[in-house]
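*Asks:* Coordinates for the following, if possible.
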Amino acid sequence: MNAHGAPARTTRTATLTLRGVVDGAREIAPVAIFVIPFGIAFGAAAIEKGLSAPLSVLMSTFVFAGASQFAALDLWASPMPYLMLALTVFAVNARHILLGAALAPWLLHLPMAKRYAVLSVLSDPNWAQATRALQRGETDAGLVLGSGLLMWIAWIIATAIGAVLGSNLGDLTRFGFDVLMIAFFAAAVVGQWRGLPDLVPWLVAATVALAGAWILPFGWHVVAGALAGGITGALRHG
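*Replies:* Numbering: from 1, shown residues only. The predicted structure is shown next:
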């Protein structure tokens, strides 16, 4: 018990095991399959913009950020607008600051090398998976690394397919793959519902994000919505 009569929190030391890596990859596999059409679409779009197939694959290997990569293609021109390109990619990926902060209580217990290995393959889907794992008391950060590695490999392979086959594949969205990601994150959010006290922060986050999509530069509405919802939740829960 703490000084206020409430049960004291216990800190569980994080680990990173091979079993966790395998389990993480297995859990994320159904989602990773549906990342492939997006990767193929990026590879095909990159070729249309004049990138070579090897350069397209290298971008997916070292950047591994679908939204940022598509945004970069929109700015790909000669001469290259390097400053605008950097600012746009930062804006689209700025939400990762918040994603990493949310996992800090878990990952800060890891040695620095392992911590950065996990964060290097962090994406929206395996972050959602990680938050659910944290809530059920998991301590093995291998779950995040394994799921991230599988998503990364799927993204690279899909980019290569798109770069080689290009427009011959047609419009992949006709299969409805784009709806799967929306359904995945909707399920992840619903799974974290703890009752009516969560309603106000969620509504604030959604309202700010939707409004920001109209008035803020591309990508910043996600950050604004997350910050607004987080601050609201912190104020309500003390």
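*Asks:* Quick check: phi and psi on the nearest residue to A53 once chain neighbours are set aside?
*Replies:* Of all residues not flanking A53 in the chain, A163 sits nearest, at 3.9 Å (CB to CB, 6 or more residues apart in numbering). For glycine as for every other residue, the C-beta is placed from the backbone atoms N, C-alpha and C. When read as degrees, to the nearest 10, the backbone of A163 gives phi -70, psi -30.
*Asks:* now swap in A226 and tell me
*Replies:* Torsion angles, degrees, to the nearest 10, at A226: phi -60, psi -40.
*Asks:* Kindly report the same for A94.
*Replies:* Recorded main-chain torsions at A94 are phi -60, psi -30, according to degrees, to the nearest 10.
*Asks:* G225 is in contact with that one, correct?
*Replies:* No. With contact defined as CB atoms under 8 Å, A94 does not reach G225; the gap is 12.0 Å.
*Asks:* Neighbour count: those two, which is higher?
*Replies:* Of the pair A94 and G225, G225 is the one with more neighbours under other CB atoms under 10 Å, namely 23 against 15.
*Asks:* For the helix or strand harbouring that one, output the C-alpha coordinates as CSV.
*Replies:* Assigned by DSSP states H and E, G225 belongs to helix 220-237. The C-alpha trace of helix 220-237 is given here as CSV (Å, rounded to 0.1, in the frame of the first residue of the first chain):
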residue,chain,number,x,y,z
TRP,A,220,0.4,17.4,-38.2
HIS,A,221,-3.3,16.7,-37.5
VAL,A,222,-2.3,13.3,-36.1
VAL,A,223,0.1,14.8,-33.6
ALA,A,224,-2.4,17.6,-32.7
GLY,A,225,-5.2,15.1,-32.1
ALA,A,226,-2.9,12.8,-30.0
LEU,A,227,-1.7,15.7,-27.9
ALA,A,228,-5.1,17.1,-27.3
GLY,A,229,-6.5,13.8,-26.3
GLY,A,230,-3.6,13.0,-24.0
ILE,A,231,-3.7,16.4,-22.3
THR,A,232,-7.5,16.1,-21.8
GLY,A,233,-7.1,12.6,-20.4
ALA,A,234,-4.3,13.7,-18.0
LEU,A,235,-6.4,16.6,-16.7
ARG,A,236,-9.5,14.4,-16.2
HIS,A,237,-7.6,11.7,-14.4
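*Asks:* mean confidence score for it?
*Replies:* The average of the pLDDT scores along helix 220-237 is 73.
*Asks:* what's that helix packed up against?
*Replies:* On a contact count with 3 or more CB pairs under 8 Å, 6 or more residues apart in numbering; DSSP states H and E, helix 220-237 meets helix 95-107, helix 199-215.
*Asks:* For the last one, which helices and strands make contact with it?
*Replies:* Helix 199-215 sits against helix 220-237, with contacts defined as 3+ CB pairs under 8 Å, 6+ apart.
*Asks:* Appreciated, that's everything.
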